[in-house]
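Undergrad: Can you look at this prediction? I've put the sequence above it.
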Amino acid sequence: MTAIALTQYSLLPITARIDEKPYFASHNTQSTRQINHKAINILRPIAVANQFLKIQQECSSEGWDGYDAKRVEDKILGNAISFVNSLDEKIPIPEICPEPDGEIAVEWYGENKSTISISIGVGDIINYAAIFPDQHKANGTDALKNENKTIIEFYIKKVLGLE
Amino acid sequence: MKIKQLLNFILRKSLASNKVEVISSGEVLSRFLFNGNQFSLNGVKQAAFLPAKNHETSIFRKTKLVQFSLYESIKELIASERGMQIKGVALIEAEKIQLADLKVEIEESKHQWHANIIGWPLEKHQQKQLALILAQNSSLE
């Protein structure tokens, strides 16, 4: 998927479509819920791409942070989309944040300032760190394309209070 | 350019006799943020504190700068030097940095009342853990 194609997708009113809870609430049938999940699954990579493109535009030159940050390479987009899209559909779309080493972080926030931040770069390794609502902490690395995301998903859900 | 040099000269002149060598635990430190993606409604993000290539995070000593009525001047000076607008400022007490097993080291080769957060581990995931702690204990100005 090219950046040009994604720019076209980004014209879709993504937030509005995902947040159409009243519509789905008023049609609260099993089939509609399935459509809802499918719609979010389809929109998830587009929403991530939308956020990423904004950051990529703002951080496309060295020193974007006012210090000596590396530019965010557009190669990261594919990695970020495939990672976020591979997560359990119950996990909401993350916030995306650029980092000084040119990687981007996908982040989720929960109660008591709990946070999980996962760094995605051009390589095959992701770095993560979390502070959970009970203030316990965890950090480590994982393979970007690891099909078993049990631990990462558990940490994200723990931050979000879904566990 | 001349205005910037003059302002820097005045700052250095006025501060020369007031140099403090030790940062007390209660001092408030400022991390100037030039990119709006480094904070959100959820507060300051960990990326705001991650170290630069030299493994240091640049900060200014707000408590001292305010004490000498120089805080706004230094913000203008730094923004002017970078040619960028300061989009936000993350505030954190020196004590919180020390509690995260990091250190604050005075570094005034370019600017008075400047310091660096040092002692970062080499592994990125460990850096992120400490940056998360700093972000959690910081607030937006």
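TA: Yep, that arrived. Please read all numbers here as calculations on a predicted model, not as lab measurements. Numbers count the residues shown, from 1 in each chain, chains lettered A, B, ... in the order given.
Undergrad: And the contacts of stretch A:152-163?
TA: A:87-88, A:90-92, A:108-111, A:114-116, A:118, A:128, A:130, A:132-133, A:138, A:142 (Cβ atoms under 8 Å, 6 or more residues apart in numbering or on different chains). Quick note: C-beta positions are derived from backbone N, CA and C, even for glycine.
Undergrad: Recalculate using a threshold of 10 Å.
TA: A:83, A:86-88, A:90-92, A:94, A:106-112, A:114-118, A:126, A:128-134, A:136, A:138-140, A:142, A:146, A:149 (Cβ atoms under 10 Å, 6 or more residues apart in numbering or on different chains).
Undergrad: Using the record's assignment, carve chain A into domains.
TA: A:1-58, A:61-163 (automatic domain parsing).
Undergrad: which of those has the lowest average pLDDT?
TA: Among the domains of chain A, domain A:1-58 carries the lowest mean pLDDT, a mean of 53.
Undergrad: SS state for whatever residue of chain A ends up closest to chain B?
TA: Across chain A, the shortest distance to chain B (Cβ to the nearest Cβ) belongs to A:Gly66, at 3.1 Å. Here A:Gly66 is recorded as coil under DSSP: H, G, I helix; E, B strand; the rest coil.
Undergrad: So it is in contact with B:Lys75, correct?
TA: No - counting by Cβ atoms under 10 Å, A:Gly66 stays clear of B:Lys75, with 11.8 Å between them.
Undergrad: how many other residues sit next to residue 110?
TA: Unless you meant another one, I'm taking chain A. Neighbours of A:Gly110 under the rule other Cβ atoms under 10 Å in any protein chain shown: 20.
Undergrad: You answered for a different chain; I wanted chain B.
TA: B:Lys110: 10 neighbours (other Cβ under 10 Å).
Undergrad: again, but for the one 5 residues further on
TA: Counted with other Cβ under 10 Å, the burial measure for B:Ala115 works out to 24 neighbours.
Undergrad: between A:Gly66 and B:Lys75, who's got more neighbours?
TA: Neighbour totals were compared for A:Gly66 and B:Lys75, and A:Gly66 leads with 21 against 18 (other Cβ under 10 Å).
Undergrad: Contact partners for that one?
TA: B:32-35, B:38, B:58, B:78-79, B:81-87.
Undergrad: Show me which of the residues you listed are buried.
TA: Buried residues within the contacts of A:Gly66, counting neighbours by 16 or more other Cβ atoms under 10 Å in any protein chain shown: B:32-35, B:38, B:58, B:78-79, B:84, B:86.
Undergrad: Can you tell me which of the residues you listed is closest to B:Leu122?
TA: Distance ranking of the buried ones among the contacts of A:Gly66 against B:Leu122, using Cβ to Cβ, places B:Ser58 first at 19.2 Å.
Undergrad: quick one on the thing from earlier: now, the contacts of stretch A:152-163 that are in helices?
TA: Taking DSSP state H as the definition of helices, the contacts of stretch A:152-163 contribute A:Phe83.
Undergrad: where exactly do the helices run in chain B?
TA: B:2-15, B:62-67, B:71-82, B:94-99, B:124-136.
Undergrad: I'd like the ones you listed as a markdown table, with mean pLDDT appended.
TA: A markdown table is the format used below for the helices of chain B (pLDDT from 0 to 100):
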| stretch | mean pLDDT |
| --- | --- |
| helix B:2-15 | 58 |
| helix B:62-67 | 96 |
| helix B:71-82 | 96 |
| helix B:94-99 | 96 |
| helix B:124-136 | 98 |
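Undergrad: any chance of those helices in TSV, with distance to chain A too?
TA: Converted to TSV, the helices of chain B look like this (distance: least, Cβ to the nearest Cβ, whole Å):
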stretch	distance to chain A
helix B:2-15	16
helix B:62-67	17
helix B:71-82	5
helix B:94-99	13
helix B:124-136	4
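Undergrad: A:Asn79: what's it in contact with?
TA: With contact set as Cβ under 10 Å, 6+ apart, A:Asn79 has these partners: A:103-104, A:120-124, A:126, A:144-145.
Undergrad: roughly how far apart are it and A:Ile104?
TA: The gap separating A:Asn79 from A:Ile104 is 9 Å, by Cβ to Cβ, to the nearest Å.
Undergrad: Do you know the pLDDT at the residue in chain B that chain A sits nearest to?
TA: Using Cβ to the nearest Cβ, the closest approach of chain B to chain A is made by B:Phe34 at 3.1 Å. Looking at B:Phe34, its pLDDT stands at 97.
Undergrad: does it really touch A:Asp65, like I thought?
TA: Yes - counting by Cβ under 10 Å, B:Phe34 touches A:Asp65, with 5.7 Å between them.
Undergrad: any residues in contact with both of the two?
TA: B:82, B:84.
Undergrad: how far away is B:Tyr45 from A:Glu103?
TA: No, residue B:45 isn't Tyr; it's Lys. In terms of Cβ to Cβ, B:Lys45 sits 13 Å off from A:Glu103.
Undergrad: Please consider this matter closed, and thank you.
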